[in-house]
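Undergrad: Any chance you can model this:
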Amino acid sequence: MARAVKLRLAGERCVGHGRCYELGPDVFGEDERGRCRLLREHVPAELQEQARLGAANCPERAIEIESD
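TA: Sure, this is the predicted structure:
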């Protein structure tokens, strides 16, 4: 069984490429300026692939994943 993971967003680094919420629509959303916002901070096992894809594809490395 996969352990839960926790996301951290360094919002000041985000410039709004949108890769995170395109690849992980159940984990990431966009704010009124098109920048990333977390839809959930603690990610259940069934959504971890979306979280990892979104974080890995962020050009600014604004999303960090850590074990819960």
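Undergrad: Distance of Arg19 relative to Ala4?
TA: 23 Å (Cβ to Cβ, to the nearest Å). All C-beta spots, glycine's among them, are computed from the backbone N, C-alpha and C.
Undergrad: typo on my end, it should be Asn57
TA: From Asn57 to Ala4 the distance is 21 Å (Cβ to Cβ).
Undergrad: repeat for Gly29
TA: 20 Å.
Undergrad: neighbour-wise, which of Arg19 and Ala4 wins?
TA: Arg19 (18 against 13; other Cβ atoms under 10 Å).
Undergrad: The helix or strand hosting Lys6 - contacts with which helices or strands?
TA: Here Lys6 sits within strand 5-9, counting by DSSP states H and E. Judged by 3 or more Cβ pairs under 8 Å, 6 or more residues apart in numbering; DSSP states H and E, strand 5-9 is in contact with strand 36-38, strand 42-43, helix 48-56, strand 63-67.
Undergrad: List just the one of the ones you listed that sits closest to Leu23.
TA: Proximity to Leu23, assessed across those by Cβ to Cβ, is greatest for helix 48-56 (4.3 Å).
Undergrad: about what we covered before: pull the residues that contact the next helix or strand after the strand holding Lys6.
TA: Using DSSP H and E, the helix or strand that follows strand 5-9 in sequence is helix 19-23. The contact list for helix 19-23 (Cβ atoms under 8 Å, 6 or more residues apart in numbering) reads 27-30, 36, 50, 53-55, 57-59, 63.
Undergrad: circling back to that earlier point, for the helices and strands packed on strand 5-9, which one ends up most surrounded?
TA: Ranked by mean neighbour count under mean count of other Cβ atoms under 10 Å, the helices and strands packed on strand 5-9 are led by strand 36-38, which reaches a mean of 20.
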